[in-house]
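Undergrad: model the structure of this input:
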Amino acid sequence: SARLVCEFISRDDMKRFLRADPQVAYTSFSEVRSTLLSDKVRLQKRTMPDKTVSYFYQDVKEDGTVELQFEMDAWHYQKKLRASQAGHETAVKDA
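TA: Next up is the predicted model:
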């Protein structure tokens, strides 16, 4: 049996390899930002190469996997983000 040794490849290197490979018909990379609202809830913002943006509310399990997810618009995303930040500032001020 053969032993396979794999080395870490950075995200940027992987993108460069995929873009240079003529056999890869389509590559899509997105920037994903997650904001934890609690230990079980997070907001996620995904920006695609064409600059389209998707926003998600996610309930996460203890191991970090997504249990429930729904897409939301930018207005609701910002509203939830601001509410979370305001709650955090109040908690820090009252501590």
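Undergrad: burial of Asp59, as a residue count?
TA: 13 (other CB atoms under 10 Å). From N, CA and C alone the C-beta is placed, and that goes for glycine too.
Undergrad: what do you get for Leu81?
TA: Neighbours of Leu81 (other CB under 10 Å): 15.
Undergrad: what mean pLDDT does the helix or strand hosting it get?
TA: Assigned by DSSP states H and E, Leu81 falls within helix 74-94. The average pLDDT for helix 74-94 rounds to 79.
Undergrad: state the phi and psi torsions of Ala20.
TA: Here is the backbone geometry of Ala20 (degrees, to the nearest 10): phi -80, psi -20.
Undergrad: and the gap between it and Met14?
TA: Here Ala20 is placed at a distance of 11 Å from Met14 (CB to CB, to the nearest Å).
Undergrad: give me the more crowded residue out of those two.
TA: Met14 (12 against 8).
Undergrad: tell me the SS of the more buried one?
TA: helix (DSSP: H, G, I helix; E, B strand; the rest coil).
Undergrad: what residues are up against it?
TA: For Met14, the contact set (CB atoms under 8 Å, 6 or more residues apart in numbering) is empty.
Undergrad: that one and Gln44: what is the separation?
TA: Between Met14 and Gln44 the computed distance is 21 Å (CB to CB).
Undergrad: for the residue most central in space within the chain, give its distance to Lys79.
TA: Closest to where the C-alpha atoms of the chain average out (CA atoms, centre = their mean) is Val32, at 3.3 Å. Distance, Val32 to Lys79, by CB to CB: 20 Å.
Undergrad: likewise Asp13?
TA: 38 Å.
Undergrad: over to Glu67?
TA: 22 Å.
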